[in-house]
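Asker: Based on what follows, work out the 3D shape:
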Amino acid sequence: MTIKVGSRAPSFNLPTDGNGALSLKELRGKNVVLYFYPKDSTPGCTIEARDFRDLHDNFQKAGAVVVGASKDSVKRHDNFKTKNELTFPLLSDEEGVLCDAYGVWILKKLYGREYMGIERATFLIDGKGVVRHIWHKVKVKGHAEEVLETLKTL
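Answerer: Prediction:
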């Protein structure tokens, strides 16, 4: 499925760190920054998570909730969140249903080897559940700031 700006965001209801659960429906009325990342505790993913953490108050002031998502287990998310003092929920999509719905489970290539993995991507969803902005193939440096600036234009 290809998601486009202006389309309805695919719903979700998944486990989170801390043995919680979160659904898009629960976030109705708030802007949602849903960012997908390949794997907990890897260099790029750690930097990206810390950048969102460091700007968390700014996202809240702008009326947004930040939510991270990967195929890592709840236990791995718990460790990652504690180690990096993250202030937002991490969705555990072990079955890949959310990744498929948002089109971020893709064929990747590294050193001539092909494999399936998560494309680093971010979706800005408004309070009515409509996708307002999409970033594909995200470069970590400066990304959280760019998302925040875009959020301010909604």
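Asker: Shouldn't residue 146 be within a helix?
Answerer: Yes: under DSSP: H, G, I helix; E, B strand; the rest coil, residue 146 falls within a helix.
Asker: who touches it in this structure?
Answerer: residue 135 (Cβ atoms under 8 Å, 6 or more residues apart in numbering). Every residue, glycine included, has its C-beta placed from N, CA and C.
Asker: And the pLDDT at it?
Answerer: Among the per-residue scores, residue 146 shows a pLDDT of 97.
Asker: ok, now the one 4 residues further on?
Answerer: At residue 150, the model reports a pLDDT of 96.
Asker: and what of residue 1?
Answerer: 60.
Asker: And the one 4 residues further on, by the same measure?
Answerer: The predicted structure scores residue 5 at 97 on the pLDDT scale.
Asker: ok, it - contacts?
Answerer: 131-134.
Asker: so where is the protein shaky, pLDDT-wise?
Answerer: Within the chain, the set of residues satisfying pLDDT under 70 comprises 1.
Asker: Nearest the middle, which residue of it would you pick?
Answerer: residue 35 (1.7 Å; Cα atoms, centre = their mean).
Asker: buried ones in stretch 113-120?
Answerer: 117-120 (16 or more other Cβ atoms under 10 Å).
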